[in-house]
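> What would the 3D arrangement of this be:
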Amino acid sequence: MSSETSAGTACSGNCRRRSHSKDGWRNDSLQVFFDTGANARDHDKPCGTDSDDWSYGIFLQDAAGQNVAVYRYAVPDGQLTLGVDAAKAHPLADDVTCAFRKTPDGYVYELAFSPRSTLPLRPQPGQSFGMAILINDSDENGATEPRSRLSSNTDGVMPNDRPDLWPLILLAK
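Model prediction:
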């Protein structure tokens, strides 16, 4: 099993960006969510994210696509990860690497999440976790919301704060 969790996604269309990291989701962007304990379905009614969930936003910092930001919106409780050395919410994540390239009809993001960036998940055969992906398409300058979105949720509900709807992944050899 690799020491990094990798993911990739391809998007079509133009690529737009805004300059403020916190508002990066308003760009053409990618958001990735992890429920490391796969426990969101354990509740009788939706209760939002909890102490073992992560939320990341990935977006361009420049029009050329040379500088890609990975912004950390939400992190698990530090006691479940690295204690006082645990990742903090709202900075750029230096433990997730991202490559970006333009294609003739869009662009591709390639991501590698370090083990630290998904704690307390410890990837090994038999481990399960929830994961959601949201692609935001914002082709209008100054728009307050993306024009369209594509989500891994099948029922049309936005994945933000709804880990009970995120697909579960079961790791195997």
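> Helix, strand, or coil at the residue lying farthest from the centre of the chain?
Largest separation from the mean C-alpha position in the chain: residue 44, at 25.5 Å (C-alpha atoms, centre = their mean). Assigned by DSSP: H, G, I helix; E, B strand; the rest coil, the conformation of residue 44 is coil.
> Kindly list the longest strand within the chain.
Assignment by DSSP state E gives strand 128-137 as the longest strand of the chain.
> Give me the pLDDT for the residue farthest from the centre of the chain.
Model confidence at residue 44, given as pLDDT, is 80.
> got it, and residue 22?
Predicted confidence (pLDDT) for residue 22: 62.
> roughly how far apart are the residue farthest from the centre of the chain and residue 164?
10 Å (C-beta to C-beta, to the nearest Å). No exception for glycine: its C-beta is placed from N, CA and C like everyone else's.
> Show me the residue at the heart of the protein, geometrically.
Mean-position check on the chain, C-alpha atoms, centre = their mean. Result residue 32 at 1.5 Å.
> May I ask you to confirm that residue 137 is in contact with residue 28?
Yes: judged on C-beta atoms under 8 Å, residue 137 makes contact with residue 28 at a distance of 5.9 Å.
> Have a look at those two and say which one is more surrounded.
residue 28 (23 against 20; other C-beta atoms under 10 Å).
> what is the rounded mean pLDDT of stretch 50-65?
If you average the pLDDT over stretch 50-65, you get 89.
> again, but for stretch 153-171
Here stretch 153-171 scores 87 as its mean pLDDT.
> Which residues does that stretch contact?
1, 31, 33, 35, 38, 40-41, 43, 46-50, 53, 55, 123-134, 149, 151-152 (C-beta atoms under 8 Å, 6 or more residues apart in numbering).
> mind pulling up the phi and psi values for the residue farthest from the centre of the chain?
Note on residue 44: its backbone torsions stand at phi -70, psi -30 [degrees, to the nearest 10].
> thinking again about what came up before, of all the residues in the longest strand of the chain, which ones are buried?
Across strand 128-137, burial judged by 16 or more other C-beta atoms under 10 Å covers 129, 130, 131, 132, 133, 134, 135, 136, 137.
> The first one reaches residue 39, doesn't it?
No: at 9.5 Å, residue 129 and residue 39 do not qualify as touching, with contact defined as C-beta under 8 Å.
> what is in contact with these two at once?
Contacts common to residue 129 and residue 39, judged by C-beta under 8 Å, 6+ apart, are absent.
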